[in-house]
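Novice: return atomic coordinates for the entry below.
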Amino acid sequence: MFSLPGVFTNSGDRAIARASGSASDVEAEVAERTIARDVSVVYALLVARIEQLAILDATAVPAAERAVELTEARLAAGSIDLFQLLANRRDLFELRAFRLEALREAWIARIALDRALGRDASEEP
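Specialist: Residues are numbered from 1 along each chain as shown. Predicted coordinates:
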């Protein structure tokens, strides 16, 4: 179709508006994908830390505590020396420190997940 000279149809402005709308849609999609990726990575880290804590609480720490108890009993019976008891206690303290570090990392992952989801860290999930 022919356009008459001097008739302003705003075709340029319309094209700019359509392109701007398309760019906004693309930017929104990229932002959504970035957030989804961040959430999935942080969630996986949180799950791993929670599983690590469960293993430490269920098996490792109780086993180390039991080892210290047995070593104390053996020391009282005179079958071992003090150095073995001290070594077992050191191992128990190192394991407890490792557990505290895992707990700290779990909380950091939880806070990162809350941030990625746009929640306030003080809110309940």
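Novice: okay, now Leu85: neighbour count?
Specialist: Residues lying near Leu85 (other Cβ atoms under 10 Å) number 18. Every residue, glycine included, has its C-beta placed from N, CA and C.
Novice: isn't it right up against Ala73?
Specialist: No. The criterion here is Cβ atoms under 8 Å, and Leu85 misses it with Ala73 at 10.0 Å.
Novice: what does the pLDDT read for the most centrally placed residue in the chain?
Specialist: For the chain, Ala109 is the residue whose C-alpha lies nearest the centre (Cα atoms, centre = their mean; 2.7 Å). Among the per-residue scores, Ala109 shows a pLDDT of 94.
Novice: and it, what element?
Specialist: Assigned by DSSP states H and E, Ala109 belongs to helix 82-117.
Novice: distance check, Leu82 against Asp91.
Specialist: 15 Å (Cβ to Cβ, to the nearest Å).
Novice: alright, that wraps it up for me.
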